[in-house]
Structure formats: C-alpha cells, structure tokens
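K.L.:
Pasting the sequence and the predicted model now:
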Amino acid sequence: MSAGVRNQIEKLRDKIRYHERMYYVEDAPEISDREFDLLMEELLRLEAEHPELVTSDSPTQRVGGEPVGEFRAVAHTHPMLSLDNTYSPEELREFDARVCRLIPEIELAYTAELKIDGVGVSLRYEEGVFVQGITRGDGRSGDDVTANLRTVRSLPLRFDSQAVPGEIELRGEVYLSHSVFQHMNAEREAAGELPFANPRNAAAGSLRQLDSRITARRPLNIFIYGLAAPEATPFAGHDAAMAAIEEAGFPVIEERRQLPTIEAVIDHCLAVQEKRHHFDYDADGMVVKVDAYELQEKLGATAKHPRWAIAYKFPAEQATTTVKEIEFNVGRTGAVTPVAIFDPPVELGGATVRRATLHNEDEVRRKDIREGDTVLIERGGDVIPKVVMVITDKRTGDEKPFEMPNTCPVCGAALHRPEGEVARRCTNAACPAQQRERITHFARRAAMDIEHLGPKVVEQLIEAELVSDVADLYGLTVEKLLPLERFAEKSAANLVAAIEASKERGLYRFLFALGIRHVGERAADILAEKFASLDALIEVAQNHPDQLQEIPEIGPVMAESLRLFFSEPKNQALIEKLATLGVVTERVRTVPAVSQVLSGKAFVLTGALSGYTREEAAKAIEARGGRVTSSVSAKTDYVVVGADPGSKADQARSRGIPCLDEKAFEELLAGRLPEDE
Ligand code: IVH
C-alpha cells in the first residue's frame, strides 16, 4: 500500500475533524456545508477504494453497523453518583459550612457551572480514540451505547492533545437542543404520533435506540462535565481539567467559573438563573464543585452523593391563572384534543402563555380540571407549558365540571374512541376541521410547499365551498378566487401559480403531503428511495404489506397504516384524481434550485412566524446556504423575530445584531438584503 494514499487519507480526516469541531463545537464554521460534503465524499471515495485503511475513528464511521438485539450491560470503572440538591442561597451556605467543617485548615476555591437536564454518560478513550460509551444506568453499571454515541457529531471520535492524556474516561451529559426537540416533535405530530413530553425524554429515547441509524437522524448533543478518575490525570482541579478538555476539542459545560467564596458562587448562580432561558437546552440549575481534586478526594462521598459537590436547582417557573374555557381542537386525523384557554395570559419563561394543550380526556379527568378553576402552570425551558394541578382551595363552586363531547365540535358527527387509544376521533372524513387540517398539511413547506396557502386562506376556501379536498385546489382559477375577501388580481394569480408549481414536487413530498398516519417526512423519504413511483408502493402496500417491514425504519405500525390508507377506496380515488390533474407521483431528483444567497450567514430564530413553522424557516435558510444556531452570540448575523419572541430578541438588540420581522426575513430569502446592510 502506498504511503501516499495513507497520508492523503489521514490529512483529509484531520481536515474534516477540524471542520467538524468548528461547526459542532465552536459554532464558527469556516466552510459551507457543500464544501464540507465534498471533503466527506472525497474521503468516502478513497476509503471505498482502500477499505484496508478504514479506521474506527474516521469521520465516515459515525453511523454504521446493524441494529443490536439488546444493549450489553457494562460495569462502571468508578460509580456514577448523583448530586444532592439545594434550592436556596441559604442552603448553599450550609453546604459551604459543611465543607469547611470537614477540611477546616484549608483555603478552597469553588467552580460553579450549569447543570444540564439530560442523560448522563461515561466515555472511555484509549490512545485518544473513543472506544466505549455507557449510560449512567443505576450508577454501578449501565448500557453500552457506544454506537449511538458515535453519532453525536460534537463528540470527537479521537483527540490529539499535549495536555490531556490519551487514556481517559470522561463524564458528560447528552441532551437535545430545543430547536431539534421542536423539529422532532413537529415531525412526530405531522405523522400523527404522540410528541415527546420534554427534551430529556426525547434524548433518552434516542440514545436507547437499538438501531444507531435512527439515533443518527436525531441530532443529539453532549457537554462534558467531569472525569471519572481525576487522580489519574495531571490536572490539579476541575476548572483546569475542563479548560484542557475544551482545548482538546470537546464541548464542555457552559457558564463555568472558578470562584473564591460561597458568596461569589451564589452571585454567579443567581446571575445565570436570570438568563436561564437564553440557552437552547434545558438547564435546571447550577452545579457547585470544590475545585481542587485533592480536596475532592479528602471530602469523599456518601453512598449516593459526593460531599464535594452540590446542585443548586433553579426555582421551577410556575404561575397561577384561571382556565377561562376548555376548547376542543380537531386535528387532521380527527382526534379531538382539549385545550385550556387562560385568562389572564401569563408571562412564563420569557413568553406569554395563552393556552395549553390538556392532551386528552383521561388527563383532564385525572387532574380534575374545570372551566373557572385556578391552576398552577409550569414551563420548562422553551418547552410547551403544562397545567401542573388545580388549586382546589380557590374553588368557589361555580366551576364547570369537564365534559368530553360525544359529537364533533365542528361538524356535529359522532366521536369514536378506538379501543386502546386515548383520543376520541371525529368519524366524518368530510368534517371541515379535518379538511382544513389536511389541506393545510398538504400545502406545508415540507410537503407540497404551496406558497400563499396558509390556514386562513384554506379556511376561506372551504367556507366559500371552493374546495373540500386537496384535489379541488388544482381546479382553482383567478376568476373563482377574485370574489373572495382579500383577493385581488395579483394575489389570486400568485396563489394559482403556486398551486400549479406544486405539481412537480415528486414522490417524497407527495407521500408526506398525503398525511398518512405515522408517515412523517423521514419515512416518506425512505419510501420514496425504495419505490420509484406511488403505483409501485401501492402495489406492495395492498398485496404484500409484510415486505414493507423489511425496509429499515419501517415498523409494523407504519406498514399497517400504509396498507389501510391505500386500501381505502376514497383515498384511491383521491390519488387517481390528483394524478389525472398532473400531480407527479414518481420520484424526482431535486437539485438545489435556489441560489446560495445566505451562504455563511448564521441565524437565530425566536417567536412564532405566521407563514413558517420553525423547521420550515430553518430549511429555507439552509437551502440558501445559511445555518441556524440556537443561541445569540458574536457570530450571529441575523435574528428572525416572530410573535411572542423569547429573550433572544432583546439579546440581539443589545448586541446590535439585526433583527428581522417576517417580511424582512422573506425579503432576505428572496436575496434582497435589509437596507442597513
Ligand atoms: S457533576 C458525582 N456537573 O446531573 C456526580 N453533573 O444529578 C458529579 N449533570 O449524574 C456530577 N450537569 O448526569 C455534574 N455540570 C454538571 C452536570 C451534571 C448535569 C448531571 C449528571 C449527574 C446528574 C446528577
């Protein structure tokens, strides 16, 4: 084997590792995604030509291998303890007093840093190469999730450092950023699946996937918070160790500060608490650690907790308000969901909360939530607000006990609760609410991408009896639209043109747009890769549904859902009609049609946009060469500010970073820079 190729491959790997670090750890990419992909493609090509040179630490080896049957249990070399909690400055002072009692003669320093609400893991490196990752488990032993951890792009598969020994066991917290969490839940809901309750559950679920290819689709992240055996390293204390680990290319916990006294620690904890919502991940408090490893060893641990560290938990962000009304929302699949409307709306975690889903009737009954009740509501990070409990002391007797309707609140048809399900569903497929949701879904950017066709316009079209299903969209003309309110010659022509353009989207988007239960964007993509045309898929779904399950990531539930959908005569007729109208039902290869006007620009999104979900806005930015980051930093170029924005908008303004409203954002997408540029 020529040393030349080996050298070339190693150089390319180093280059890719460098750019991975700049992108995933430093949040400061130096090359475009396209350039990065080209480097990766070149490496893949060279490795395919020289398979004997593939190594496990190559950047190409993050995803691979077959699903495992079950995880292997592995004992931890050092137990993974948990932390004792405190909830007030006073309790932190008591912690300090305990530490000082135990080591009275010594002057000490603390390090305080964020506490991430994720999933704890242990990571073993040998000669600087990542060899094994284990979940915390019961603290004594955990599951070997090495393959899944390899998919975490911010985790170096190898490192090269003068300061950090190559043989080392790190401890870290795996988490999902709020933006990824929202994207993931939006996808699940689009596929008619139950959303995850919070980012931690979603991260834990992803980390415990037996098929690492699924984990790789859910971009997990990690922060390193410590070492398993600090005494075996040259570091004097936590702060110095974390600084060296960071220097070696690892993402370490943020807001870390070494401080000389407990009062300084308290000030830092309270200052970070003030901005807890600035982070794009769930941080539930601070961890205060005696910095020096020698003193940590002296202090030791109880059976459960170290004596040298303690958690300071941020107070839960809660508020009370009253439930003015319980509304019922009818979804695309007919599921009727109770929603609490609050009066007055309350400020919670930097946003105004006006309503909260109550999920289903069982949940409302369990909590006994009634119209007129005073309730305690809570919001964790950026995540969905929830009703924690009713404050029964405040009941006057005038509250209205909850009643789940038997008929659809929109069309009056009977509701049916299938066995084993929590939702009651409207049985009328022609229900205007279901139609509206189905058509709105069909037009979504991630589906048929019909510009100008948002929920309000859909509602208007249904009310005017111009459309009752998605096929009717293709029969709309300027003349039919003109009599409608808010439509003029130009807007009507724009909508008709956008609908016409959607015919060419191709199989993958069309499949997603059909709104088949359990079939999200990802599944539609996989099916379109497998079947070149809708006819081919229908043939298999109807006649050999078992074969569908042989496709990776398509399980029995999805296979059954596809069979049911394509066996339904009404659906068959609709598809037939759409195909006759010229909607392409074959696979089309897409080339990026938009110019890369946002190349290298970093965006932060905050608040709700009317024409885009967060995921759609991110896609629009990425399609034009830009990228979306979670928090405002010196590297942010623009902050897109929607309705009810979070604190990110204020941060941007105070840093002088341009804030764009939806109109300015659309201008920018179209390649027109804001005037002050
Ligand atoms: S230090 C001996 N630092 O919280 C335990 N833990 O409740 C030392 N965690 O198991 C833990 N952020 O999974 C530490 N900055 C941080 C952390 C952190 C999150 C997790 C970790 C730990 C759990 C304890």
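P.N.:
Thanks, I have it. Numbering: from 1, shown residues only.
K.L.:
Tell me which helix or strand V63 sits in.
P.N.:
For V63, there is no enclosing helix or strand under DSSP states H and E.
K.L.:
was I right about it contacting T151?
P.N.:
Yes: in terms of CB atoms under 8 Å, V63 counts as a neighbour of T151; the distance is 5.5 Å. Bear in mind the C-beta positions are built from the backbone N, C-alpha and C, glycine included.
K.L.:
got any residues that touch both of these two?
P.N.:
By CB atoms under 8 Å, 6 or more residues apart in numbering, V63 and T151 have these common neighbours: S212, A216.
K.L.:
If you count surrounding residues, which of those two has more?
P.N.:
T151 (22 against 15; other CB atoms under 10 Å).
K.L.:
Pop out the phi and psi values for that one.
P.N.:
When read as degrees, to the nearest 10, the backbone of T151 gives phi -80, psi -10.
K.L.:
Could I get the buried residue list for the helix or strand of the chain with the lowest mean pLDDT?
P.N.:
When the helices and strands of the chain are scored by mean pLDDT, DSSP states H and E, helix 212-216 comes last with a mean of 75. Within helix 212-216, the residues that count as buried by 16 or more other CB atoms under 10 Å are S212, R213, I214, T215, A216.
K.L.:
gap between the fourth one and the ligand?
P.N.:
So the one you mean is T215. Distance from T215 to the ligand, counting by CB to the nearest ligand atom, to the nearest Å: 19 Å.
K.L.:
show me what contacts that residue?
P.N.:
Listed by CB under 8 Å, 6+ apart, the contact set of T215 reads A147, N148, T151, S206, L207, Q209.
K.L.:
change it to 7 Å
P.N.:
N148, T151, S206, L207, Q209 (CB atoms under 7 Å, 6 or more residues apart in numbering).
K.L.:
What of the second one?
P.N.:
Residues near R213 by CB under 7 Å, 6+ apart: V63, P552.
K.L.:
which residues touch S567?
P.N.:
Applying CB under 7 Å, 6+ apart, the residues near S567 are Q542.
K.L.:
In the helix or strand hosting A264, which residues are buried?
P.N.:
Per DSSP H and E, A264 falls inside helix 262-274. Neighbour-count burial for helix 262-274 flags I262, V265, I266, H268, C269, V272 (criterion: 16+ other CB under 10 Å).
K.L.:
re the thing from before, show me which of the contacts of T215 is closest to the ligand.
P.N.:
L207 (12.4 Å; CB to the nearest ligand atom).
K.L.:
okay, now the closest one: neighbour count?
P.N.:
The burial count for L207: 23, using other CB under 10 Å.
K.L.:
Could you check how far the residue of the chain found nearest the ligand is from T580?
P.N.:
Closest residue of the chain to the ligand, CB to the nearest ligand atom: G120 (2.7 Å). According to CB to CB, to the nearest Å, G120 and T580 sit 57 Å apart.
K.L.:
Point out where this structure drops to low pLDDT.
P.N.:
1-2, 64-67, 192, 350, 380-383, 589-594, 673-677 (pLDDT under 70).
K.L.:
Close to the ligand: what parts of it are there?
P.N.:
80-83, 113, 115-116, 120, 136, 173, 225-226, 253, 287, 306, 309, 311 (CB under 6 Å from any ligand atom).
K.L.:
just to revisit the earlier point, packing partners of the helix holding A264?
P.N.:
Under the contact criterion of 3 or more CB pairs under 7 Å, 6 or more residues apart in numbering; DSSP states H and E, helix 262-274 touches helix 89-102, strand 110-116, strand 257-259, strand 283-290.
K.L.:
Could you dump those into CSV with mean neighbour count added?
P.N.:
Shown next, in CSV, are these (neighbours: other CB atoms under 10 Å):
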stretch, mean neighbour count
helix 89-102, 15
strand 110-116, 25
strand 257-259, 18
strand 283-290, 24
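K.L.:
Tabulate these in TSV, adding columns for distance to G642.
P.N.:
What follows is the helices and strands packed on helix 262-274, written out as TSV (distance: least, CB to CB, whole Å):
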stretch	distance to G642
helix 89-102	36
strand 110-116	27
strand 257-259	33
strand 283-290	23
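K.L.:
out of these, which comes closest to S631?
P.N.:
strand 283-290 (11.5 Å; CB to CB).
K.L.:
quick one, the closest one and strand 110-116 angle?
P.N.:
Calculated by axes from the mean of the first three to the mean of the last three CA atoms, to 10 degrees, strand 283-290 forms an angle of 160 degrees with strand 110-116.
K.L.:
How much space separates the spatially closest residue to E504 that is not a sequence neighbour from T146?
P.N.:
What sits nearest to E504 in space, not counting adjacent residues and going by CB to CB, 6 or more residues apart in numbering, is V584, at 5.6 Å. In this view, V584 and T146 are 43 Å apart by CB to CB.
K.L.:
Same check on L484?
P.N.:
Taking CB to CB, one finds L484 at 59 Å from T146.
K.L.:
more crowded one of the two?
P.N.:
Per other CB under 10 Å, whichever of L484 and T146 has more neighbours is T146, with 20 against 15.
K.L.:
Apart from its chain neighbours, what residue comes closest to that one?
P.N.:
Nearest to T146 is G133, by CB to CB, 6+ apart, at 4.8 Å.
K.L.:
tell me which residues of the helix or strand harbouring that neighbour are tucked away?
P.N.:
For G133, the host element (DSSP H and E) is strand 129-135. Buried positions in strand 129-135, judged by neighbour count with 16+ other CB under 10 Å: F130, G133, I134, T135.
K.L.:
Just the buried residues of the residues of the chain next to the ligand.
P.N.:
80, 83, 113, 115-116, 120, 136, 173, 225-226, 253, 287, 306, 309, 311.
K.L.:
neighbours of E550, just the number please.
P.N.:
As a measure of burial, E550 has 10 neighbours, counting by other CB under 10 Å.
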